[in-house]
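Undergrad: Got a predicted structure plus its sequence, pasted below:
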Amino acid sequence: MNILIANDDGVFAPGIQALASALKPLGRVVIVAPEAERSGFSSALTLDRPLKPVQIAPDVWAVNGTPADCVYLSMNGLFDFEFDLVVSGINSGANLGDDVLYSGTVGAAFEGRLMKQPAIAVSLAGPNVRAYEHPADYAAAANWVYQFIANGLPAVPARHILNVNIPDAAELKGMKITYQGRRRQSKPITSLVDPRGRQVFWIGLAGEAVAEPKPGLGGIESDFFAVANGYVSVTPIQMDATNYDILNDLHAHYVQKV
């Protein structure tokens, strides 16, 4: 199996190094990742300048672009072989609920959505997204990912990925299949004046998780619930954002006006 690993924390991030080490027993593992942190880039592609992949070690490449750039290049000519699986991560911090709209980790996985196997986004979820100083935190999460893949990945439809969030816990209680939760409105922006008298802004922090049971799901909980209670959250998410529940009604409404 040829496995492509990308991330949004940069090619030297501890999460991607731990993941590559853990997955090597499964086959050939190739890292193609941004040369520096590119968090929050979602599925952005670089179209205004050339990309320059640089091999910095055997099967390790750094790219002056976004996480999605890394996967796009890898699947479209950078190599003379095909990949069977894309794994993005391990991200430093959770990607839960609405976070997936912004996440470069998820964006890289979505770029690999046409793989023979499901593409996977993996994040290490803890109370402080920059508190992971110990390699053991990532090693434990990487080992869980290895076992998850080695035991056989679940079948999901094309153009779907699996969004995995692993709690930073001394002992995991297990795994839950979850739905994508949502957050309350983001915190207000912070306005400051820089030393030259210019007004600058900091984007506000993400809002708190909303506890909202989903009817008709047979007791399936949200990704937020699973992680908060010590379970690994595995959520199938898709590219197609069409709301089919209202599609026909909306179509009929406007057809009548024509």
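TA: That came through fine. All figures in this text were calculated on a predicted structure; none of them were measured in a lab.
Undergrad: Which of the three states applies to Ile246?
TA: helix (DSSP: H, G, I helix; E, B strand; the rest coil).
Undergrad: I'd like the distance between it and Glu212.
TA: 19 Å (CB to CB, to the nearest Å). The way it works is simple: take the backbone N, C-alpha and C, and place the C-beta from them, glycine included.
Undergrad: average pLDDT for stretch 85-95?
TA: The average pLDDT within stretch 85-95 is 95.
Undergrad: ditto for stretch 9-23
TA: The average pLDDT within stretch 9-23 is 96.
Undergrad: Run through who's touching that stretch.
TA: 3, 5-7, 29, 31, 33-39, 56, 60-62, 87, 89-92, 122, 124, 132, 135, 138-139, 141-143, 145-146, 149 (CB atoms under 8 Å, 6 or more residues apart in numbering).
Undergrad: and with 7 Å instead?
TA: 3, 5, 7, 29, 31, 33-37, 39, 60, 62, 87, 89-92, 124, 132, 135, 138-139, 142-143, 145-146 (CB atoms under 7 Å, 6 or more residues apart in numbering).
Undergrad: Filter these down to the buried ones and express that as a ChimeraX selection.
TA: Filtering the contacts of stretch 9-23 down to the buried ones (16 or more other CB atoms under 10 Å) takes a single ChimeraX command:
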select :3,5,7,29,31,33,34,35,39,60,62,87,89,90,91,92,124,132,138,139,142,145,146
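Undergrad: Narrow the contacts of stretch 9-23 to those in helices?
TA: Assigned to helices by DSSP state H, the following of these qualify: 135, 138-139, 142-143, 145-146.
Undergrad: ok so, going back, next step: the contacts of stretch 9-23 restricted to strands.
TA: Among the contacts of stretch 9-23, the ones falling in strands (DSSP state E) are 3, 5, 29, 31, 33-34, 60, 62, 87, 89-92, 124.
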